[in-house]
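1. Fold the following and give me the result.
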Amino acid sequence: MKGLGERILTTHVGSLVRPAPLLEMIIDGVLGNPIDQQAFDTLVASSVKDVVARQAAAGVDIPSDGEFSKPDFHNYILKRLGGLELEPSRPRLGSGGMYYPKLDEEFPAFMKQYGAMYRTMWLPPELPRDKVEAALDVPIPRTVVTRPITYEGQAELRRDLGNFKAALAPHDFADAFVPSATPSRSDAFSEDVYPSKEAYLYALAEAMHEEYKAIVDAGYMVQLDLGLPSRNQVLYGKANPTVEELRRASEMQVEAYNHALRGIPQDRVRYHLCWGSMNTPHTTDVPLTEFVELILKINAKFYVLEGANPRHEHEWMVWKDVNLPQDKVLVPGVVSHQTNVVEHPELISWRIQNYASAVGRDRVIAGTDCGFSQGWTMQRVHEEVQWAKLRAMAEGAALATRALWN
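-> Here you go, the predicted model:
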């Protein structure tokens, strides 16, 4: 990676705010409306070219394609995996489609009000509101395993990798990455197809290996997003799982991740972990200390973690006591994706220097806590603020570079 160890590089988590015309076509897909596939592919290609150029202008050293072709960061994979299908709809759960039982209990009024607005708060006003409302009313389908899982997304993946290659060509970045879903769907396990949860996870891992390998073979880093269970959520149909149930489920997932990553060089792998991307109280987040040793077993060189979330900002100090292996690099979030406040470059520099004091300047890359728009209903900030935050991050990284290499 060009520049690593010579200065503080900058990156982000992958998803960026999609332009309104692209969003409208994605919403048409959610509604089941007919879509001109050629027009969609053409729009995706031009949008990726533009967003890569804007990342270069903002000072991002390690860009993504913005995940522009995908309706969201995780469920896009349902179109690429054979054997996972959608059952007829089920009702939306919890707070406006979220399902966080403990937060719903602790902050019922807040979660109800937030759940009613968070999906549309920053959607572009030029989107037809009737389409938006109709798409939001589409019930959440249930994912089921109907037959052995196989990877069938080769054509879509080739399209995405080709678009990214063409968009990167005019620029000189330090590196580039492509996010990919993790083999960790706890919503679809079926004993009718697989004898155990472990067998199911390994089948997912076997299929996802093809996507990971293709991304790396194309010259990009692959980023596995999230995956480890949270106390807030539902685990294999059970709300409020115990700590021991979470730990075992997490251990199984790490084992499956490494199976999916077999044969892929560790220095081409990023692992991203956050505590949920919503602007909620986060009082039920699991502390980093409870699972840091577990995630370090993942065969990745780069660890993309939240560092600007005020519930976790202090956790840079964890790395004073945890021995980060010499072959691993931290990519802490030094700007938040959850708030429209643009961080001051001096604050960003201070956050970077905190991590550098714990693990060394050569093993820190500046990043964001999570994606700015993980899906069409998950735009976390206004687009103008997104770009201001990325520019501020580049300025802060420059300040930290001067301080650390002085």
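2. what does stretch 154-163 contact?
-> 41, 44-45, 48-49, 65, 69, 79-80, 178, 210-211, 214-215, 218, 220 (Cβ atoms under 8 Å, 6 or more residues apart in numbering). The way it works is simple: take the backbone N, C-alpha and C, and place the C-beta from them, glycine included.
3. Out of these, which two sit at the greatest distance?
-> 49 and 210 (26.4 Å; Cβ to Cβ).
4. returning to what we had before: weed out the non-buried ones from the contacts of stretch 154-163.
-> Using 16 or more other Cβ atoms under 10 Å as the burial test, these include 44-45, 48-49, 65, 69, 80, 178, 210-211, 214-215, 218, 220 as buried.
5. where do the strands sit along this structure?
-> Assigned by DSSP state E, the strands in the chain fall at 81-90, 140-151, 177-181, 221-225, 234-235, 238-239, 269-273, 302-305, 329-335, 367-368.
6. Of those, which is nearest residue 200?
-> Going by Cβ to Cβ, the one of those nearest residue 200 is strand 140-151, 7.1 Å.
7. CA atoms only: put the closest one into PDB for me.
-> Extracted in PDB, the C-alpha atoms of strand 140-151 (Å, rounded to 0.1, in the frame of the first residue of the first chain):
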ATOM      1  CA  ILE A 140     -39.800  -7.100   5.200                       C
ATOM      2  CA  PRO A 141     -39.600 -10.500   3.500                       C
ATOM      3  CA  ARG A 142     -38.200 -13.500   5.400                       C
ATOM      4  CA  THR A 143     -35.000 -15.100   4.100                       C
ATOM      5  CA  VAL A 144     -35.100 -18.900   3.900                       C
ATOM      6  CA  VAL A 145     -32.800 -21.600   2.800                       C
ATOM      7  CA  THR A 146     -34.500 -23.800   0.200                       C
ATOM      8  CA  ARG A 147     -31.500 -25.800  -1.200                       C
ATOM      9  CA  PRO A 148     -27.700 -26.000  -0.900                       C
ATOM     10  CA  ILE A 149     -26.200 -22.500  -1.200                       C
ATOM     11  CA  THR A 150     -24.100 -21.600  -4.300                       C
ATOM     12  CA  TYR A 151     -22.600 -18.400  -5.600                       C
END
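8. which one of the strands of the chain is the most hemmed in?
-> Compared across the strands of the chain, strand 367-368 shows the largest average neighbour count, a mean of 28 (mean count of other Cβ atoms under 10 Å).
9. Please, where are all the helices along the stretch 201-350 of the chain?
-> Under the criterion DSSP state H, counting those that start in this stretch, the stretch 201-350 of the chain contains helices at 243-260, 292-295, 318-321, 345-359.
10. Now do the contacts for the closest residue to residue 289 other than its chain neighbours.
-> The shortest distance from residue 289 to any non-neighbouring residue, by Cβ to Cβ, 6 or more residues apart in numbering, is to residue 318 (5.8 Å). By Cβ under 8 Å, 6+ apart, residue 318 lies in contact with 288, 289, 292.
11. what about the second one, how many neighbours?
-> Close neighbours of residue 289, defined as other Cβ atoms under 10 Å, add up to 11.
12. Likewise for the first one?
-> Residue 288 has 20 neighbouring residues, counting by other Cβ under 10 Å.
13. What of the one 3 residues further on?
-> By other Cβ under 10 Å, 18 other residues sit near residue 291.
14. ok so, going back, closest to residue 202 among the buried ones among the contacts of stretch 154-163?
-> Nearest to residue 202 out of the buried ones among the contacts of stretch 154-163 is residue 210 (Cβ to Cβ; 14.2 Å).
15. Skip the chain neighbours and tell me the closest residue to that closest one.
-> Take residue 210 and drop its neighbours on the chain: the residue closest to it by Cβ to Cβ, 6+ apart is residue 151, 4.3 Å away.
16. follow-up on the earlier one: would you turn the buried ones among the contacts of stretch 154-163 into JSON lines with distance to residue 132 and pLDDT?
-> Below are the buried ones among the contacts of stretch 154-163 laid out as JSON lines (distance: Cβ to Cβ, whole Å; pLDDT from 0 to 100):
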{"residue": "44", "distance to residue 132": "20", "pLDDT": "97"}
{"residue": "45", "distance to residue 132": "25", "pLDDT": "98"}
{"residue": "48", "distance to residue 132": "23", "pLDDT": "98"}
{"residue": "49", "distance to residue 132": "26", "pLDDT": "98"}
{"residue": "65", "distance to residue 132": "24", "pLDDT": "98"}
{"residue": "69", "distance to residue 132": "20", "pLDDT": "94"}
{"residue": "80", "distance to residue 132": "26", "pLDDT": "94"}
{"residue": "178", "distance to residue 132": "28", "pLDDT": "98"}
{"residue": "210", "distance to residue 132": "35", "pLDDT": "97"}
{"residue": "211", "distance to residue 132": "30", "pLDDT": "97"}
{"residue": "214", "distance to residue 132": "34", "pLDDT": "98"}
{"residue": "215", "distance to residue 132": "32", "pLDDT": "98"}
{"residue": "218", "distance to residue 132": "35", "pLDDT": "98"}
{"residue": "220", "distance to residue 132": "33", "pLDDT": "98"}
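17. Surely residue 48 and residue 66 touch.
-> Yes: Residue 48 is within contact range of residue 66, at 6.6 Å (criterion: Cβ atoms under 8 Å).
18. What is the least confident helix or strand in this structure?
-> Within the chain, no helix or strand scores below strand 234-235, which has a mean of 50 by mean pLDDT, DSSP states H and E.
19. residues in contact with residue 8?
-> So residue 8 contacts 352, 361, 364, 365, 366, 397, 398, 400, 401, 404 (Cβ under 8 Å, 6+ apart).
20. which one of those residues is nearest residue 255?
-> Nearest to residue 255 out of these is residue 365 (Cβ to Cβ; 26.8 Å).
21. My guess is the closest one contacts residue 10. True?
-> Yes: using Cβ under 8 Å, residue 365 is in contact with residue 10, at 7.1 Å.
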